[in-house]
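Chemist: Fold the stuff below for me.
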Amino acid sequence: MQTTATRTESRRERRPEDRPQELVAAALDLFVEKGFAATRLDDVAARAGVSKGTLYLYFDSKEALFKAVIESAVIPAVAQGEQVVRDFQGSSADLLRQLVHGWWRLFGGTKLGGIPKLMVSEARNFPGVAQFYHEQVIQRGVRLFAGTVQRGIDSGEFRPVDVECAVGALLGPLMMKALWRHSFVACGCGISEIEPEHFLETTVDLFLNGLRASR
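Modeler: Sure thing, here's the model as predicted:
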C-alpha cells in the first residue's frame, strides 16, 4: 500500500512531458463522471496530482482541455475507422459490421462512450464545445457509415435508400446503447443492459436485412 510520502515521491519522478496526457486522462474521467459544467479545473489538477498552476502551463481553459481530450482520445479512433474503410476489400455488409463492432471496441464500450451523454446534456450551454465535437467527431463518423452504405448501393449489394436517413437509423440505437450504459446502468440502481455483442449483432442484422437488394 502506497503511503502519502510514496505518492508524493512518485509524482516528483514523473517526466514533465507526461503531464499533458495525465491531465487529459484526469479530465476525461471527470467529464464522464460529473459532466462538463460541474467539472472544475481544480478537480482535474487534483485528480492528476498537480497544482492548478501547473495545469495552466498546458491548458488555458476548460474548453481547451476538452478539445485535448477529443483530439487525443476520440479522433484517433475515428481515424482508425477511416483507415479501415480505405483498406477494406470485402462486401459492404461485412464492412458495416466491422465498423459497428470497431466503434464499440474503441469508443462506445469504453469510458469515451460517456462523451455523447455529456454532449447531449450540455451542448446548448456550451455551443463552442458542441460545434467542435460535431465537426471533428460526429460529421466524420457519419461520413464513414454513409460512404459504406453508398458503396453498397453503387455495387448493387444494397437497394437504393436515403443514405442520410439510413445512417441515422443505424447510429441512433448505437448512441442509445452508450447513453444507457452511462446513465441508467451507471446509476447503480439495479438496471441491467443487454449484452453488448448480442445487441450490436442484432442491430446490424436488422439494418442489413432492411438494406439488402432483392435478388
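Chemist: In the record's domain split, what are the boundaries for the protein?
Modeler: Domains of the chain are assigned by automatic domain parsing as 4-58, 67-211.
Chemist: mind listing what residue 97 touches?
Modeler: By CB atoms under 8 Å, 6 or more residues apart in numbering, the contact set of residue 97 is 204, 208. C-betas here are computed from N, CA, C, even on glycine.
Chemist: do residue 45 as well
Modeler: Residues in contact with residue 45 (CB under 8 Å, 6+ apart) are 23, 26, 51, 52, 54, 55.
Chemist: surely the fifth one meets residue 20?
Modeler: No: between residue 54 and residue 20 there is no contact under CB atoms under 8 Å: 10.5 Å.
Chemist: between those two, who's got more neighbours?
Modeler: Taking neighbours as other CB atoms under 10 Å, residue 54 and residue 20 compare with residue 20 leading, 17 against 14.
Chemist: outside of whatever helix or strand that one lives in, which residues touch it?
Modeler: Element membership for residue 20, per DSSP states H and E: helix 19-34. Contacts to helix 19-34, defined as CB under 8 Å, 6+ apart, come from residues 14, 39, 43-45, 47-50, 54-55, 58-59, 65-66, 68-69, 72-73, 111-112, 114-115, 118, 182.
Chemist: Report the buried residues of the helix or strand following that helix.
Modeler: Sequence order places helix 41-48 as the next helix or strand after helix 19-34, per DSSP H and E. Neighbour counts over helix 41-48 (16 or more other CB atoms under 10 Å) mark 41, 43, 44, 45, 47, 48 as buried.
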